[in-house]
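Chemist: With the sequence up front, the predicted model follows.
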Amino acid sequence: MELTLDISLDPTLGCGQAHRWRKIGDSWEGVIGEQIVCLKQIDGGISVDGTEDSQSILHYLGADDDLDDIIREISEKDPYVASLASRCPGLRILRQEPWECTATYLLATNANVKRIASMVESVCNTFGKDLGGRSSFPTPKEILDKKEEICSCRLGFREPRLIELAEKVENNEHDPYSLCGLDYTECVEELKKINGIGPKVADCIALFAYKHLNAFPVDARISKVMEERYGITGSYRKVSEYGMDLFGRYAGYAQEFLYHSDFI
């Protein structure tokens, strides 16, 4: 299947938004739901193997984002971001499934991208369904049914947090899908009620799972860029709000370009 879409797969799938994509030759292999999907860059779009569900692929890749309008708007607000965007056309923000994104970013606390990917894959292999070479991301029930095996995943201090989150979702104490209708502030406040989720992780989940494109997550790399480029230092809230105020409704896209400024 071939899809027409203004996207560049390398920066979109390789920039650390999601952690289950592998570059194999000139293709990207990942797992979406219970399907192993291979995406390849072609002229004017992508080729897709592993599924015929074009709508789910387009949704996941953020095809409804008007990339021209987004880049134009954030570029008008800052010449540095304009230069980054011009050197990295086709970068899109993914639309990740809420439960998987929440659990993944709970694991992402105090870990680099390689470590996060290793932990996520270990959780999938331990608790998820075998899809033939890869495993699905487990449901809360699948985790709880074999929770005594979590030690094999080597998650460290994140182990009880993941079990607790699975219990809350399974017991309807937290419904990831109920957050879809909330505004940005309500969404992050609900997310921060989960043990192990602070402001940065909440902003990542709001951006990558709930389409709050105004979110501006701040980690050590963004803190450094914001200090060097804009002279902004201080608390998480101060730096994040500066980014949101500067870039407006598409601050999350600006953040992605700034995050990868060393590689663009």
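Modeler: Received the coordinates, thanks.

Chemist: For the chain, which segments are assigned as helices?
Modeler: 9-14, 54-60, 67-77, 79-87, 98-107, 113-127, 140-145, 158-170, 184-191, 199-208, 220-230, 236-247, 251-259 (DSSP state H).

Chemist: and the second one, what does it pack onto?
Modeler: Secondary structure elements in contact with helix 54-60, counted by 3 or more Cβ pairs under 8 Å, 6 or more residues apart in numbering; DSSP states H and E, are strand 2-4, strand 27-32. Where C-beta positions appear, they are placed from N, C-alpha and C, glycine not excepted.

Chemist: Okay, buried residues for it please.
Modeler: The neighbour-count check on helix 54-60 (16 or more other Cβ atoms under 10 Å) flags 57-58, 60 as buried.

Chemist: CA atoms only: put it into PDB for me.
Modeler: Presented in PDB, the C-alpha positions along helix 54-60 are these (Å, rounded to 0.1, in the frame of the first residue of the first chain):
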ATOM      1  CA  SER A  54      -4.700   3.300   5.700                       C
ATOM      2  CA  GLN A  55      -6.700   5.500   8.100                       C
ATOM      3  CA  SER A  56      -5.000   4.200  11.200                       C
ATOM      4  CA  ILE A  57      -1.600   4.700   9.700                       C
ATOM      5  CA  LEU A  58      -2.500   8.300   8.600                       C
ATOM      6  CA  HIS A  59      -3.900   9.000  12.000                       C
ATOM      7  CA  TYR A  60      -0.800   7.700  13.800                       C
END
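
Chemist: Residue 242 touches residue 223, doesn't it?
Modeler: No - under the criterion of Cβ atoms under 8 Å, residue 242 makes no contact with residue 223, lying 11.2 Å away.

Chemist: Just want to know which of those two has more residues nearby.
Modeler: residue 242 (19 against 16; other Cβ atoms under 10 Å).

Chemist: With adjacent residues omitted, what lies nearest to that one?
Modeler: residue 232 (4.9 Å; Cβ to Cβ, 6 or more residues apart in numbering).

Chemist: related to what we said a few turns ago, CSV for the helices of the chain, including distance to residue 25 and mean pLDDT?
Modeler: Below are those laid out as CSV (distance: least, Cβ to Cβ, whole Å; pLDDT from 0 to 100):
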stretch, distance to residue 25, mean pLDDT
helix 9-14, 13, 95
helix 54-60, 20, 96
helix 67-77, 26, 97
helix 79-87, 24, 96
helix 98-107, 25, 97
helix 113-127, 19, 95
helix 140-145, 31, 98
helix 158-170, 33, 97
helix 184-191, 37, 98
helix 199-208, 26, 98
helix 220-230, 29, 95
helix 236-247, 36, 97
helix 251-259, 25, 96
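
Chemist: Out of those helices, flag the one nearest residue 32.
Modeler: Residue 32 lies closest to helix 54-60 among the helices of the chain, at 5.9 Å (Cβ to Cβ).

Chemist: number of nearby residues for the residue nearest to residue 242?
Modeler: With other Cβ under 10 Å as criterion, residue 232 counts 18.

Chemist: I'd say it and residue 241 touch.
Modeler: No - with contacts counted by Cβ under 8 Å, residue 232 stays clear of residue 241, the gap being 9.8 Å.

Chemist: quick one: residue 164 and residue 197 touch, right?
Modeler: No - counting by Cβ under 8 Å, residue 164 sits too far from residue 197 to count as a contact (11.1 Å).

Chemist: With neighbour numbers in mind, choose between those two.
Modeler: Set side by side, residue 164 and residue 197 show more neighbours around residue 197, with 21 against 16, by other Cβ under 10 Å.
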